[in-house]
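Q: coords please:
(one chain, ligands or ions: 1)
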Amino acid sequence: YNYREPGELITFGMGCFWSPDALFGSRPGVIRTRVGYAGGMAESPTYRRMGDHTETVEAEFDPGVVSFGDLAALFWASHNPVNINGYKGRQYQSLLFYRNAEQLAAIEAVLAKRRAGVMPEPDTEILSYGGFHPAEEKHQKYYLKRHPDALAKLSAIFSGETLTGSTLAARLNGLAKGYTNRERIIEELAGDRESAEAQRLMALVKSMKW
Ligand code: MHO
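A: Take a look at the predicted model:
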């Protein structure tokens, strides 16, 4: 929970960005998430006018805990990447970006495993990362926003983008969608005994009316 070093990044589209924001945010090793628009050329996309962009999630993670390949496998295991192209145009395109040769190799390895399991070839577009436009605040941690008590308590500690970008907000958003549970979040915080902040956040989570 005490992430000081910047992590590695993975960016992908797998349909409406609300759920994968919660799914990936619930995972150990994921430091923070945000949703946005990527893959297109249109300037300054918004939800109403995303142009040729796709709804995407960007997750920062600690490669010492979870690998890019693990997250790429989770990506394919968590949506239908076959024959969905064309539905809602490019908004819900299945796509996965790579930032370097190592990430591309990890993608190839996951695909090879998938093929060996006789899974149909995904229609996922695999693209070199070319930028990300963060979505409007109301789309960030969408499910967590339905929990006023948790939000109020988080707001006492974090403000604005710091809240949205916190590891705890990512986990609680996962909780709000049912991808994790309170005990797991508390355990993760309890494990970080050297950090006074983690201990404080643990007390905060315990106090939340959920
Ligand atoms: N409102 C849409 C999906 C929104 S997602 C941000 C629905 O629930 O069908 O694309």
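
Q: What residue in this structure comes nearest to the ligand?
A: Of all residues in the chain, residue 16 sits closest to the ligand, at 3.1 Å by CB to the nearest ligand atom. All C-beta spots, glycine's among them, are computed from the backbone N, C-alpha and C.

Q: wait, what's in contact with that residue?
A: Counting by CB atoms under 8 Å, 6 or more residues apart in numbering, residue 16 touches 55, 92.

Q: can we see that at 10 Å?
A: By CB atoms under 10 Å, 6 or more residues apart in numbering, the contact list for residue 16 reads 35, 55, 88, 91, 92, 139, 142.

Q: who wins for most neighbours among those?
A: Of all the contacts of residue 16, the highest neighbour tally under other CB atoms under 10 Å goes to residue 55, namely 27 neighbours.

Q: What is the burial count for residue 79?
A: Neighbour count for residue 79, taken as other CB under 10 Å: 19.

Q: now the strands for this protein?
A: 8-13, 30-38, 54-61, 95-98, 125-128, 133-134 (DSSP state E).

Q: need those in TSV with distance to the ligand, can you?
A: As requested, the strands of the chain are exported to TSV (distance: least, CB to the nearest ligand atom, whole Å):
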stretch	distance to the ligand
strand 8-13	11
strand 30-38	8
strand 54-61	6
strand 95-98	15
strand 125-128	18
strand 133-134	14
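
Q: what's the closest of those strands to residue 1?
A: strand 30-38 (9.1 Å; CB to CB).

Q: Adjacent strands (with direction) for that closest one?
A: strand 54-61 (antiparallel), strand 133-134 (antiparallel) (DSSP bridges).

Q: Tell me which of those lies nearest to residue 113.
A: Nearest to residue 113 among those is strand 54-61 (19.9 Å), distances taken as CB to CB.

Q: and the closest one, which residues are buried?
A: Using 16 or more other CB atoms under 10 Å as the test for burial, strand 54-61 gives 54, 55, 56, 57, 58, 59, 60, 61.

Q: Mind naming the longest helix for the protein?
A: Assignment by DSSP state H gives helix 101-116 as the longest helix of the chain.

Q: can you list contacts of that one?
A: 8-10, 63, 67-77, 81, 96-98, 100, 119-122, 124, 126, 128-129.

Q: Write the ChimeraX selection for whichever of the residues you listed are buried.
A: This is how ChimeraX selects the buried members of those, with burial counted by 16+ other CB under 10 Å:
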select :8,9,10,68,69,70,71,72,73,74,75,76,81,96,97,98,122,124,126,129
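
Q: for the ligand, what are the nearby residues on this structure?
A: With CB under 6 Å from any ligand atom as the criterion, the chain comes near the ligand at residues 16, 17, 18, 55.

Q: Could you identify the most distant pair in those?
A: Taking CB to CB, no two of the residues of the chain next to the ligand sit farther apart than 18 and 55, at 8.7 Å.

Q: pLDDT below threshold where in this structure?
A: Within the chain, the segments meeting pLDDT under 70 span 2, 84-87.

Q: residues contacting residue 151?
A: The contact partners of residue 151, by CB under 10 Å, 6+ apart, come to 141, 144, 145, 163, 169, 172, 208.

Q: My guess is the first one contacts residue 158. True?
A: No - taking CB atoms under 10 Å as the definition, residue 141 is not a contact partner of residue 158, at 11.3 Å.

Q: So which of those two has more stuff around it?
A: residue 141 (29 against 15).
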